[in-house]
Each structure stands twice: as C-alpha cells, then as structure tokens.
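Peer 1: Next comes the sequence, and after it the predicted model I'd like to discuss.
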Amino acid sequence: MKRALITGITGQDGSYLTEFLLNKGYEVHGIVRRVAIEAPASRLWRIHHLLDKITLHAASMESYASLFNVVEKCKPHECYHLAAQSFVSYSFEDAFSTINTNINGTLYLLSALKERAPQCKFYFAASSEMFGKVKETPQSESTPFHPRSPYGISKVAGFDLARNYRESYDTFACNGILFNHESPRRGFEFVTRKITSTVARIKAGKEKELRLGNLEAKRDWGFAGDYVEAMWLMLQQDQPDDYVIATNETHSVKEFVQLAFESAGLNWEDYVVIDKLFYRPAEVKLLQGDYQKSEKKLGWQPKVKFQTLVGMMVEEDIHGIRSNSR
Ligand code: GDD
C-alpha cells in the first residue's frame with residue numbers, strides 16, 4: 001500500500017487531497033500542529049469525517065527535528081507539501097513569520113526527506129502569486145516571476161528549493177503552479193468565501209453590508225477539488241517537472257461579486273461598500289493561467305468553471321446558515 005504524507009492536511013486542499021488519496025487506496029498521514037489535535041472542533045472541521053481513516057502526527061513546520069521524526073516514522077512514498085501562511089494580505093502585516101515559516105519549512109521538509117526517505121516523491125504547492133506583476137498573459141511555466149508580496153517571494157524561494165533538490169540530489173520534486181482555487185471549504189479571509197458567506201448572511205437578514213477592497217483585480221479561479229487531482233498526477237509521471245494548473249479564464253472580483261449576489265436574487269450595488277482597509281500595498285492586477293502543458297503531459301483539465309463555482313459556493317453557504325438555524 002502506498003503511503004502519502006500531507007502537510008497542511010487541515011486546509012481546503014489538504015481535505016480534498018485526503019479524500020482523493022483514500023479513494024485511490026493510499027494510507028494517508030498528515031502533519032498538524034499540536035494545538036489542532038487539542039481543539040479538533042475548530043481546527044479539524046474540514047477532515048472531521050476522515051479522522052478514523054488517517055494518521056495525524058503533531059509537528060511544526062518551524063522545527064526541523066519534529067519534521068525529521070515524522071518522516072522517520074512514516075517513511076512516505078509521496079509527500080504533498082501544502083502547509084504555508086497562505087493569506088497574501090497577512091504576509092504584508094507579518095512578512096517575517098511568512099518568510100520564515102514558508103521558506104524554512106520547505107527546506108526542513110526537503111532535507112528530512114533526503115535524509116530519511118530519499119525515494120519519496122515531493123509535491124510543492126507553488127503559486128500563481130509568483131508571477132505578480134505579470135510579464136505576459138496568459139502565464140505559463142516559462143513566464144518569468146515578479147512576486148509582489150512577502151508571500152509571493154516565499155513561494156518563489158520554495159519553488160527554487162524544490163527545483164534545486166531535483167537538480168542536486170535527484171529528488172523527485174515537482175512544483176504545482178496553482179492559480180486561485182476555491183470551494184465551499186475555502187477559508188473566510190479569502191475574497192471568494194468572504195463574498196459568498198456574506199451574501200448568505202445578508203440573504204438570511206444577519207448582515208447588512210459587504211466591505212471589500214479592490215474590485216478591479218482579476219483572477220483565474222478554479223475548483224479546489226479539480227486541482228488536487230493534478231497534484232497527484234504530477235507525482236505519477238516518469239520524470240519530475242513543474243506545471244501550471246488553471247482554467248485559462250480570468251474574471252474580476254467585481255464579476256464574482258455580481259454573480260454571487262445574483263445567484264441569491266440580490267443586487268450587489270445595494271450592499272457592497274469599498275473600504276481602503278482591504279487594499280494591498282502592492283496588488284497583483286491580473287492572473288490567467290495557460291495550462292496547455294498539464295493538459296498535454298498529465299491529461300488534466302479543469303471540470304468546474306467560474307459560473308458553476310460561484311453558484312456552488314453561494315448555495316452551500318445559504319444551506320449552511322439554514323441548517324445551523326434549524
Ligand atoms: N482577501 C480579500 N479580501 N481580497 C480582496 C478583498 C477583500 O476584502 N477585496 C478585494 N480583494 C482582492 C485582492 O486584492 C486580490 O486581488 C483578490 O481579491 C484575491 O484575493 P484573495 O482571495 O485573498 O486571494 P489571492 O489572489 O491574494 O491569493 C490566493 O491565491 C493564490 C494563488 O494565486 C491565495 O489562496 C494564495 O495562497 C494563493 O497562492
């Protein structure tokens with residue numbers, strides 16, 4: 001039986017990937033912070049339904065020794081490194097901890113795997129934020145990076161670390177350059193879930209307005225459930241490589257807002273307030289991913305498109321509020 005080790009297993013992608021790998025017959029191990037094990041209701045809600053099928057290990061991405069011990073115990077065949085401080089806005093507020101956790105955590109994990117499980121295949125969650133001030137549109141694997149936030153910078157460093165382990169030590173290390181990917185399990189701080197959860201609360205009469213920053217920013221939004229399959233496919237190839245995973249469609253935050261309110265039968269202009277608080281010191285204005293290489297080499301394509309995604313998220317949030325008030 002194949003063993004997979006997932007960092008960031010409690011997050012949106014970790015939960016979908018765990019379901020996907022369990023369905024494929026994997027033994028799934030996850031790294032979580034000790035506080036998460038002590039507060040399962042608030043910290044493990046996305047994987048609550050999977051807890052009796054997986055093994056969780058308490059460790060910290062900030063401690064090489066703790067990661068080394070988990071790798072030694074688990075001896076994984078595949079490692080999916082998803083853990084990170086992943087909220088771009090927060091990375092401006094605390095650049096030091098974002099850079100420290102994201103870069104050192106990746107290096108510690110790569111190093112521990114090299115020492116104790118050198119045959120393990122490694123997936124790094126790189127990001128379209130690396131393209132930042134984009135040099136061309138759409139962005140592909142050959143587009144140069146120009147990150148615009150401490151988070152983006154940390155992901156470029158992680159990307160380079162994975163590639164360097166591949167070139168120096170023959171580590172089977174792949175970088176997935178994933179564009180924004182969303183779902184009903186998305187964290188509430190990200191703009192899509194902030195919008196859909198507030199739309200649901202407005203619809204239920206529990207909220208009066210939605211405060212947002214830059215509505216002109218454009219993103220390539222896909223469905224997280226589709227994207228975890230691509231992570232797995234990358235590790236099933238004969239050679240390690242880097243891949244863009246995207247939909248090749250771009251939409252503004254305003255379009256997302258309009259559609260989300262519309263799906264709930266509301267007019268967005270009656271509720272949305274622009275608040276400078278949510279603007280970023282440097283913005284990534286436009287992302288659109290060219291996933292031709294993934295389509296050709298991995299046979300991967302996005303299934304859920306923009307409209308369906310927005311509808312699905314609004315519907316789930318409305319349903320969630322109704323079931324909670326029953
Ligand atoms: N979060 C947030 N909140 N974003 C807002 C708001 C707001 O109130 N108002 C406007 N925005 C704009 C942001 O300025 C940004 O341009 C866009 O909405 C998307 O913001 P996020 O949803 O926070 O995501 P992100 O694009 O910064 O980063 C996400 O995608 C990356 C992949 O490109 C994160 O998931 C990253 O971890 C991921 O790597």
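Peer 2: Great, that's in hand.

Peer 1: how about the residues of the stretch 101-250 of the chain near the ligand?
Peer 2: 127-129, 179-180, 189-192, 194, 212-214, 217, 219 (C-beta under 6 Å from any ligand atom). Where C-beta positions appear, they are placed from N, C-alpha and C, glycine not excepted.

Peer 1: Confirm residue 231 sits in a strand?
Peer 2: No - counting by DSSP: H, G, I helix; E, B strand; the rest coil, residue 231 is not found in a strand; it is helix.

Peer 1: Tell me the pLDDT of it.
Peer 2: Looking at residue 231, its pLDDT is 99.

Peer 1: now do residue 125
Peer 2: pLDDT at residue 125 comes out at 98.

Peer 1: do residue 326 as well
Peer 2: 67.

Peer 1: give me the element the residue nearest to residue 187 when sequence neighbours are not counted is part of.
Peer 2: Excluding its sequence neighbours, the residue lying closest to residue 187 (C-beta to C-beta, 6 or more residues apart in numbering) is residue 193, at 6.3 Å. Assigned by DSSP states H and E, residue 193 belongs to helix 191-203.

Peer 1: In contact with residue 310, which residues?
Peer 2: Going by C-beta atoms under 8 Å, 6 or more residues apart in numbering, residue 310 touches 192, 196, 256, 259-260, 263.

Peer 1: Where does it sit: helix, strand or coil?
Peer 2: helix.

Peer 1: What's the separation between it and residue 179?
Peer 2: 16 Å (C-beta to C-beta, to the nearest Å).

Peer 1: ok, residue 131 - contacts?
Peer 2: So residue 131 contacts 139, 143, 145-147, 284, 287 (C-beta under 8 Å, 6+ apart).

Peer 1: ok, it to residue 70 distance?
Peer 2: From residue 131 to residue 70 the distance is 32 Å (C-beta to C-beta).

Peer 1: Ok, residue 276 next?
Peer 2: 43 Å.

Peer 1: coming back round to it: is it true that the residue nearest to residue 187 touches residue 182?
Peer 2: Yes - contact criterion C-beta atoms under 8 Å: residue 193 and residue 182 qualify, at 7.0 Å.

Peer 1: Looking at these two, which one has more neighbours?
Peer 2: residue 182 (26 against 20; other C-beta atoms under 10 Å).

Peer 1: Beta-bridge partners for that one, please?
Peer 2: residue 223 (DSSP bridges).

Peer 1: Contact partners for the residue nearest to residue 307 when sequence neighbours are not counted?
Peer 2: Once flanking residues are discounted, residue 307 sits nearest to residue 259: 6.7 Å by C-beta to C-beta, 6+ apart. Residues near residue 259 by C-beta under 8 Å, 6+ apart: 306-307, 310-311.

Peer 1: hang on, residue 259 in a strand?
Peer 2: No - secondary structure of residue 259 (three-state DSSP): helix, not part of a strand.
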